[in-house]
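Student: structure for this input, please:
(4 chains)
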Protein chains: 2
Amino acid sequence: MEQFTKSEKDFFHTAPFFRGISSDVVHALFDIGDAVHFPKGAHVSSLGDTVDPVFFVMSGLLRVSACAESGRRITFLLVKRAEPYNLLGPYLDCGRFLEAEAARPTRCLRIKGKVFMAFTADHPVFVPNILRWIGIGLDSANSRILDLMEKKVENRVLRVLSTLYEKFGTPLLFTSQEVSEIAGTTPESTLRTMGQLRDMGIITTQRGQIRIHDPAALKNIEFGSLKI
Amino acid sequence: MEQFTKSEKDFFHTAPFFRGISSDVVHALFDIGDAVHFPKGAHVSSLGDTVDPVFFVMSGLLRVSACAESGRRITFLLVKRAEPYNLLGPYLDCGRFLEAEAARPTRCLRIKGKVFMAFTADHPVFVPNILRWIGIGLDSANSRILDLMEKKVENRVLRVLSTLYEKFGTPLLFTSQEVSEIAGTTPESTLRTMGQLRDMGIITTQRGQIRIHDPAALKNIEFGSLKI
DNA sequence: CCGGCAACATGACGGCCGTCATGGATGTGT
DNA sequence: ACACATCCATGACGGCCGTCATGTTGCCGG
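Tutor: Here you go, the predicted model:
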C-alpha cells in the first residue's frame, strides 16, 4: 500500500533540509517509516518523555514548546512541511523537557530511533545535513538568549513577526497568544506592540490573522534571523 | 616532534566527549591537528568570523560569548580540558556571531575544518558522540531560554553557581562580572544574591573567588542542569 | 610603602513590563 | 438567531531589577 504520494516525496527532495541529498536516499527514507496523523492539539510527545522516533512533517504544523514552572509556555520551534523534528532524540537516551503538539491537523512520517540511526550510519551523506540543521538551530537558540537579555519586548515581537513572515508568508495565521509564546512575553504586550505597528501602517490585524504590509520596516532594527 | 604527551592523550580518552571511542581513534585525532597556544585574553575567533577549525582544549579554559547591541556581554559556554569547541563550524559555511577567547592561558589541539570533516567521514563511530554533545548543548540553550523568561535573577545566579560547582569544583575562580555574564544579569544583582547566600552560610567570597560550602542548598529550587 | 586600579559591597531611584481588570468584537454550536 | 467562548484592545498599578552613585577592600607595580 502506498502511504505517500510521489509528489509528496518529490517535494521533500527540494526542501532545504535535504539539500544535496540524492533523491534515491530521500525516497529510501520513506520506506523505513510509517505515516501518522495528529488532529489539531494532539500531543506528539509530552514532558519527560524519552522521545524516541524522528518525525518529518508531511503536512500541517508542529509546535515544540516547554512550560516554565510559573505556567508560562514558550515555543521553541515551529516545524513545517519537509522539516524534521527530534533529529537528536535517538542519540540522547535521557528524558527531555520539550513537548510537541500539532498546531494544526498534521501528517508525519515517523521513523523509529534505532532505525533512523541505522539509516544515517548506512547513508553518511546524511550526516552533514543533520549537523547543518542542528547548527542553525543552535545559533538561533543562542541568538534568542541574546534577545531575551536585551529585554526590549518590542524588538522581540518585531523580530518574531519578521521571521514568521519569512517562513510562512502573509497573512500569518497566529493569535497574539501564539506570537507572545514565541517572543517570550505576554499577549498584552504583544498586542500593544502590534497596535503601534498598526498605527504606523506596517501591519493590519484581524482575529487570528496578521497581515504584513511592510516587511522591510520590521527588519530595520535587527541583525540576525531566528529559526522558529 | 612530539606535540602532545602520552598522558595528555590518555586523559582525552577518559573524557565524556570521547565516551565509547577506542583509544586508537582518539590518538588518530592528534595526528591530524597541531598545537596552538593562546595567552590569557587572546581571541580565538572574533565576531563575524567564519570559524573554520575545530578546537579541543588541552589545558586552560575558553570562554565563548557574544555581545549584545547594548554592549552587554553574555557567556554561552566555558570549554575546559578535553572538550571541543566549534564542532559545527566546518558544516556551517556562514559567519557566526559568537566570539571565543582564552579565559586563561590555554593550549588547544586545532584541526582544520575540512580535515575534521574528512576524519568524521572516515570514522563514523564519531558521529553519535558529536550529535550527543550538540544535543546536550541545544537542550541547555533551550533551558536557559526558559530561565530567562522566568526572570527571577536570584534563581539564575543560584543555578549558575551550582552548575559551575559541578563543572569546576570549589573554589570557583570567577569574578562577579563573569558570573553575571553567564547568568544574564549585572554584577550588582549577582553580588546582592551572593550576599544573601553568604549571610545564609552557603558560600563565602573573596576577591575573584567563590567558595561553596553547601552545594545541595543551591539545587533545591532548580529542575535541570545547565551546560556551561 | 604607597598610589592606583579593579573588584566587592550596598543603598536609592526609576522605568519597563507583567498582572489584573474591563469592555468590545468575532466566530461557533445548537 | 442567540448564547457562549475566544480573542482583541486598552488602561492602571506595582514590583523586579537595571542603572547610578558612593564607599570599601584587596592586589600589584614602582
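
Student: any idea which element the most centrally placed residue in chain A lies in?
Tutor: Residue closest to the average C-alpha location in chain A (C-alpha atoms, centre = their mean): A:Leu78, at 2.1 Å. In this structure, A:Leu78 is located in strand A:73-79 according to DSSP states H and E.

Student: and that strand, does that touch chain B?
Tutor: Yes. In this structure, strand A:73-79 sits against chain B according to C-beta under 8 Å from any C-beta of the partner chain; the contacting residues are A:74, A:76. C-beta coordinates here come from the backbone N, C-alpha and C atoms, glycine included.

Student: each with direction, which strands does that strand pair with?
Tutor: The strands that strand A:73-79 pairs with in its sheet are strand A:62-67 (antiparallel) (by DSSP bridges).

Student: wait, the residue nearest to the centre of chain A sits on A:Arg104?
Tutor: No. Under the criterion of C-beta atoms under 8 Å, A:Leu78 is not in contact with A:Arg104, lying 10.4 Å apart.

Student: in stretch A:132-140, what counts as buried?
Tutor: For stretch A:132-140, burial by neighbour count (16 or more other C-beta atoms under 10 Å in any protein chain shown) applies to A:132-140.

Student: just those: which are in helices?
Tutor: Secondary-structure check on the buried residues of stretch A:132-140 using DSSP state H: residues within helices are A:132-140.

Student: JSON lines for these, including distance to DNA strand C?
Tutor: Conversion of those to JSON lines gives the following (distance: C-beta to the nearest atom of the strand, whole Å):
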{"residue": "A:Arg132", "distance to DNA strand C": "33"}
{"residue": "A:Trp133", "distance to DNA strand C": "30"}
{"residue": "A:Ile134", "distance to DNA strand C": "29"}
{"residue": "A:Gly135", "distance to DNA strand C": "29"}
{"residue": "A:Ile136", "distance to DNA strand C": "26"}
{"residue": "A:Gly137", "distance to DNA strand C": "24"}
{"residue": "A:Leu138", "distance to DNA strand C": "24"}
{"residue": "A:Asp139", "distance to DNA strand C": "23"}
{"residue": "A:Ser140", "distance to DNA strand C": "20"}
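
Student: for chain A, which residues are neighbours of DNA strand C?
Tutor: On the criterion C-beta under 7 Å from any atom of the strand, DNA strand C has as its neighbours in chain A the residues A:70, A:72, A:151-154, A:185-186, A:188-189, A:206-207.

Student: contacts with DNA strand D among these, please.
Tutor: Within the residues of chain A next to DNA strand C, those near DNA strand D by C-beta under 7 Å from any atom of the strand are A:151, A:188, A:207.

Student: ok, back up a step: intersection of neighbour lists for A:Leu78 and A:Arg104?
Tutor: Overlap between the contact sets of A:Leu78 and A:Arg104, as judged by C-beta atoms under 8 Å, 6 or more residues apart in numbering or on different chains, is given by A:Leu61.

Student: which parts of chain A are helices?
Tutor: According to DSSP H, the helices that chain A contains are A:6-14, A:23-31, A:113-122, A:126-150, A:153-168, A:176-183, A:187-199, A:215-219.

Student: that's all I had, so thanks and see you.
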